[in-house]
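In: Generate a structure from the sequence data that follows.
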Amino acid sequence: MYFSVIAPKSNQLRSAAYDLAQTPYAVHQWLWNFFPSAANQDRDFIFHRHERGQDVRFYVVSHRLPVALNDAWIVQSRHYEPQLEAGQMFSFELRANPVVTKKSEAGKSRRHDVVMNAKKQLLAEQGLSTQAKWADWKDKNMRPLLYEIVQERCTKWLSDVAVRNGFRIEMTQGETSCHQLQVNGYGQSNVGKRGQNVFLSVVDFSGALVVTDPVAFKTALFNGIGHAKAFGCGLLLVRRLE
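Out: You can find the predicted model right below:
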């Protein structure tokens, strides 16, 4: 496995700007160009788009070594073979698509944004129909804050996913440590092809985790967690905490 950083050269920002301005679907297609392959090649990489001010880069975990697309981009890669043990603690960042899978009346499974699903449940508890909107809540003073719903439901989603992927979220506070899970940036983006409306819910997590199952956790590091990996979700960025 390889861990790579793909970033524009400092003197080529203008040339790289067009690539960076694409839709999420187009960015996904564009990243394929760093991995020359046959037309029927399955995607064998996951990525995270990092933006801070004018600093834009892509973190990538892949089975194959990426190659620079053109003179505007630089690729820095290293072998990625983390040595893991139960009990190790890491700081982490994760962009995820938190969803819950439910069956429709027709018996078909569908994925639902955990926040939107929670809002529907709360509206139903108020005696409102499944078609009701959040603004239809009768007593606005008693309506839960969206921030609180996002924090509660996304935290639960991550905690549940962690169990299946060999880690747990650490949220201890004391004189020598303070690890508070951060849940930020909840929103929806259109990831459809040009002219299509396909909306994807995304949230950014950061905090600390503890490894509980090294084998399962390594699989999560290599393959990502959750859905929408083709659109930059699921890659766990970790750093060892002493």
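
In: For the top helix by length along the chain, buried residues please.
Out: With residue count as the measure and DSSP state H as the assignment, the chain has helix 146-164 as its longest helix. Burial within helix 146-164, assessed by neighbour count using 16 or more other C-beta atoms under 10 Å, is assigned to Ile149, Val150, Gln151, Arg153, Cys154, Thr155, Trp157, Leu158, Val161, Ala162. Just so you know, the C-beta spots here come from the backbone N, C-alpha and C atoms, and that holds for glycine as well.

In: cool, stretch 108-117 as well?
Out: Applying a neighbour-count criterion of 16+ other C-beta under 10 Å, one finds Asp113, Val114, Val115, Met116, Asn117 buried in stretch 108-117.

In: Show me what the longest helix of the chain packs onto, helices and strands only.
Out: In terms of contacts (3 or more C-beta pairs under 8 Å, 6 or more residues apart in numbering; DSSP states H and E), helix 146-164 is packed against strand 89-96, helix 114-125, strand 167-170, strand 182-190, strand 199-211.

In: quick one, the last one and helix 114-125 angle?
Out: Pointing back at strand 199-211 there. Our comparison of strand 199-211 with helix 114-125, counting by axes from the mean of the first three to the mean of the last three C-alpha atoms, to 10 degrees, yields an angle of 110 degrees.

In: List the buried residues for strand 199-211?
Out: Within strand 199-211, the residues that count as buried by 16+ other C-beta under 10 Å are Leu200, Ser201, Val202, Val203, Asp204, Phe205, Gly207, Ala208, Leu209, Val210, Val211.

In: For the helix or strand following that strand, name the packing helices and strands.
Out: Stepping forward along the backbone from strand 199-211, the first helix or strand reached (DSSP states H and E) is helix 214-223. Using 3+ C-beta pairs under 8 Å, 6+ apart as the contact criterion, the secondary-structure elements in contact with helix 214-223 are strand 236-241.

In: Listing partners with orientation, what would you give for the strand it packs on?
Out: Sheet pairing of strand 236-241 (DSSP bridges) gives strand 89-96 (antiparallel).

In: which residues sit against the strand it pairs with?
Out: Strand 89-96 is contacted from outside by 48-49, 157-158, 161, 170, 202-211, 225-226, 232-241, using C-beta atoms under 8 Å, 6 or more residues apart in numbering.

In: what comes up buried for that strand?
Out: If you call a residue buried by 16+ other C-beta under 10 Å, then strand 89-96 has these buried ones: Met89, Phe90, Phe92, Glu93, Leu94, Arg95, Ala96.

In: Restricting to C-alpha, output that strand in CSV.
Out: What follows is the C-alpha trace of strand 89-96 in CSV, where atoms were taken according to Å, rounded to 0.1, in the frame of the first residue of the first chain:
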residue,chain,number,x,y,z
MET,A,89,-4.0,5.9,20.6
PHE,A,90,-4.1,8.1,17.5
SER,A,91,-5.4,11.5,16.7
PHE,A,92,-7.6,11.3,13.6
GLU,A,93,-9.4,13.3,10.9
LEU,A,94,-12.3,11.8,8.9
ARG,A,95,-14.6,13.1,6.2
ALA,A,96,-17.6,10.8,6.1
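
In: Now find how far off-centre that strand is within its chain.
Out: With C-alpha atoms, centre = their mean, to the nearest Å as the basis, strand 89-96 stands 10 Å off its chain's centre.

In: quick check: mean pLDDT across it?
Out: Model confidence over strand 89-96 averages 96 on the pLDDT scale.

In: and the next element down the chain from it?
Out: The C-terminal neighbour of strand 89-96 among helices and strands, as given by DSSP H and E, is strand 99-103.

In: Give the buried residues for that following strand.
Out: Across strand 99-103, burial judged by 16+ other C-beta under 10 Å covers Val99, Val100.
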